[in-house]
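1. Dropping the sequence and predicted coords here.
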Amino acid sequence: MIEINKIYNESCLETMARMPDNFINCIVTSPPYWALRDYGLEPIIWDNVNGCVHEWKLDIQKPKGGKGSIAANVGANKNDFANIRDHDIVSAFCLKCGAWRGSLGLEPDFRLYIRHLIQIFEKVKRVLRDDGTMFVVIGDTYSQGETFTNRTGLSTSQMKPKNGTNFQVKTKKSVQPKCLLQIPSRFAIEMTNRGWILRNEII
């Protein structure tokens, strides 16, 4: 059971799992923005298919665009490990079920990021009271023009996804370079599609 007026320094998924239904009056949260910072968290498994003995294939993203703390010659202490322009982002996909192992906000494609946000907020919905209110601070980022491809290295005929993971589309056009990805709007639309009420947008 959760105690009132106590700080829990852990994953929100773990904390919410111990909460009863209709427990929270107000939630104020700012999930990690997509492809902007690396908080150095332990990766977790997303889109997991129960019973799968995972076989992982590393997915390495090399930073593109912008300047990291090293390139800008401002010193490592300015941004530490958080600046994703300073290092490769390593995650992994399961070759069998399509699960992804990594940290929220470091997904190789923004569509997968939004999918994971929705999964989190489905759990939030359970603990938020019917008369409760939630404020979500979420930022946008610019497209680098990547194409969202099959990142497992398997051919389309070899793949037999069990959970319909989006990354297993063979090729999918991305947003034009330099264009805002409209992540806050996409997130809001997906939330309202699932029954949330969007009362206002605060600029």
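-> That came through fine. As the structure is a computational prediction, the values presented were derived from the model and not from experiment. Numbers count the residues shown, from 1 in each chain.
2. give the contact list for the nearest residue to residue 183 once chain neighbours are set aside.
-> The shortest distance from residue 183 to any residue other than its chain neighbours is 5.1 Å, reached at residue 140 (Cβ to Cβ, 6 or more residues apart in numbering). Every residue, glycine included, has its C-beta placed from N, CA and C. When contacts are counted by Cβ atoms under 8 Å, 6 or more residues apart in numbering, residue 140 touches 33, 180, 181, 182, 183, 184.
3. List the contacts of the helix or strand containing the last one.
-> The one in question is residue 184. Assigned by DSSP states H and E, residue 184 falls within helix 183-193. Residues from elsewhere that reach helix 183-193, judged by Cβ under 8 Å, 6+ apart: 33-34, 110, 113-114, 117-118, 121, 136, 138-141, 198, 201.
4. from the residues you listed, which two are the most distant?
-> Greatest spatial distance among the contacts of helix 183-193 (Cβ to Cβ): 141 and 198, at 21.2 Å.
5. Same drill for these two, tell me which one is more crowded.
-> Legend: neighbour count by other Cβ atoms under 10 Å for residue 141 and residue 198, higher for residue 141 (16 against 9).
6. Helices of the protein, start to end?
-> Assigned helices in the chain, in chain order: 12-17, 76-79, 110-127, 183-193 (criterion: DSSP state H).
7. and the ones you listed as CSV, adding mean neighbour count?
-> As requested, the helices of the chain are exported to CSV (neighbours: other Cβ atoms under 10 Å):
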stretch, mean neighbour count
helix 12-17, 13
helix 76-79, 12
helix 110-127, 18
helix 183-193, 15
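8. can you tell me which of those the model trusts least?
-> Here the lowest mean pLDDT among the helices of the chain goes to helix 76-79, at a mean of 50.
9. hang on, the earlier thing: closest to residue 17 among the contacts of helix 183-193?
-> Checking the contacts of helix 183-193 against residue 17 by Cβ to Cβ gives residue 121 as the nearest, at 14.5 Å.
10. And the closest residue to that closest one other than its chain neighbours, how close does it get to residue 136?
-> Nearest residue to residue 121, sequence neighbours excluded (Cβ to Cβ, 6+ apart): residue 191, at 6.5 Å. Distance, residue 191 to residue 136, by Cβ to Cβ, to the nearest Å: 8 Å.
11. do the same with residue 120
-> When residue 120 is compared with residue 136 (using Cβ to Cβ), they lie 11 Å apart.
12. intersection of neighbour lists for those two?
-> residue 31.
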